[in-house]
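Engineer: I'll drop the sequence and a predicted model, then ask my questions.
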Amino acid sequence: MPLGTLLFFAIAGPVVELGVGPFVLTDGFAVGDGLPAAWPLRAVGVVLLAVAVITVVDALVRFARAGGTPSPLAPAPRPVREGVYGRLRHPLYVATTVGLIGEAFLLRRPILLVAAAVYAATMALVVRFVEEPQLRQRFGERWRSAGEDSER
């Protein structure tokens, strides 16, 4: 995997959003008592977190193969449409939100549900007012990937 993709992963992306942030919010990933301790809920948390990690890895691999990163500082030269990008327009944001929910269930910490909601709302605004206009300017309407097609 190219160095730029690894740096994005470690510094600006999923490691911070699913690692450092939750670590800080939960006092070192400490299990709380704010959500039910029922094993099915915690099992759902494990599944959600696993799906999130798989999605993040797939997305980053796709960007690396396209010759760039998800960061606007080192973008891919063409729109990425393969893998998870063939199903969702913004899979990293969806995966991170799902991962935070999974961590909340696993650690029984409602603060992570709040973090997931704030993160999702913030990313929706970033997508609408920053990213999509930049993509449209850079690639024209062809930047719209199969995410559009899968919504039919």
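Structural biologist: Nice, I can see it.
Engineer: ok, now how distant is Leu107 from Ala74?
Structural biologist: 33 Å (Cβ to Cβ, to the nearest Å). In short, each C-beta sits where N, CA and C put it, glycine included.
Engineer: quick one, which of these two is more surrounded?
Structural biologist: Leu107 (21 against 16; other Cβ atoms under 10 Å).
Engineer: buried ones in the helix ranked longest in the chain?
Structural biologist: For the chain, the helix that runs over the most residues, judged by DSSP state H, is helix 39-65. Judged by neighbour count (16 or more other Cβ atoms under 10 Å), helix 39-65 contains these buried residues: 42, 45, 48-49, 52-53, 55-60, 62-64.
Engineer: average model confidence for it?
Structural biologist: Mean pLDDT, computed over helix 39-65, is 93.
Engineer: Going forward, the N-terminal residue is numbered 12.
Structural biologist: Sure thing, new numbering starts at 12, so read that last one as helix 50-76.
Engineer: from the chain's centre, how far out does that helix sit?
Structural biologist: Once both centres are worked out by Cα atoms, centre = their mean, to the nearest Å, helix 50-76 turns out to sit 9 Å from its chain's centre.
Engineer: so the helix or strand just after it versus helix 50-76, what angle?
Structural biologist: Beyond helix 50-76 on the C-terminal side, the first helix or strand identified by DSSP states H and E is helix 102-118. Calculated by axes from the mean of the first three to the mean of the last three Cα atoms, to 10 degrees, helix 102-118 forms an angle of 150 degrees with helix 50-76.
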